[in-house]
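Peer 1: What follows is a predicted protein model with its sequence.
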Amino acid sequence: MNASVIRQLWELKGQQLRELLNNEDPAPVTRQMELLAGQFIDQTDGFLKEHAKQLADLKLPGEAVVELLNASLEDFITQKVGEVSWRVPDEALSRYPDPVQLFFRPPSAGTTGAAFAGGRSPESLTQ
């Protein structure tokens, strides 16, 4: 179900950017995006409640997931120019411990050692 919402958000983002480019009012499309983002959060919140034990095992607070998803959606909706991306803003992510940061920004295949998590290796974060 979330895949459908994400696809719709990207389609609306394209429409929003076209309206901005054409000097048209993007407010109605932006409102649609905000409503859809709310549905996405509601779906995600339900999923997280159903999987609370697994999240606890991973030391991943459901509240953090919801807050960071909200921050990423807000950032996505408000991007007006340039290359649009879907990301969790650094300032929001930095408020959480390493396990939460790893969930939202796992290391790439080329990331090792001191280049990761303030100089600590990925393995040290699970100990």
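Peer 2: Received the coordinates, thanks. Predicted, not measured: the structure shown is a model, and the values here were computed from it.
Peer 1: Could you identify the helix or strand that succeeds the longest helix along the chain?
Peer 2: Secondary structure of the chain per DSSP state H: the longest helix is helix 27-50. Using DSSP states H and E, the helix or strand that directly follows helix 27-50 along the chain is helix 52-57.
Peer 1: Put the alpha carbons of that next one into CSV.
Peer 2: Output of helix 52-57 as CSV, limited to C-alpha atoms (Å, rounded to 0.1, in the frame of the first residue of the first chain):
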residue,chain,number,x,y,z
ALA,A,52,6.6,-3.1,17.9
LYS,A,53,8.5,-6.1,19.2
GLN,A,54,10.7,-6.4,16.2
LEU,A,55,11.5,-2.7,16.4
ALA,A,56,12.3,-3.0,20.1
ASP,A,57,14.7,-5.9,19.2
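Peer 1: Determine the angle, from 0 to 180 degrees, between the next helix or strand after it and helix 27-50.
Peer 2: Downstream of helix 52-57, the first helix or strand assigned by DSSP H and E is helix 62-78. Relative orientation of helix 62-78 and helix 27-50, computed by axes from the mean of the first three to the mean of the last three C-alpha atoms, to 10 degrees: 160 degrees.
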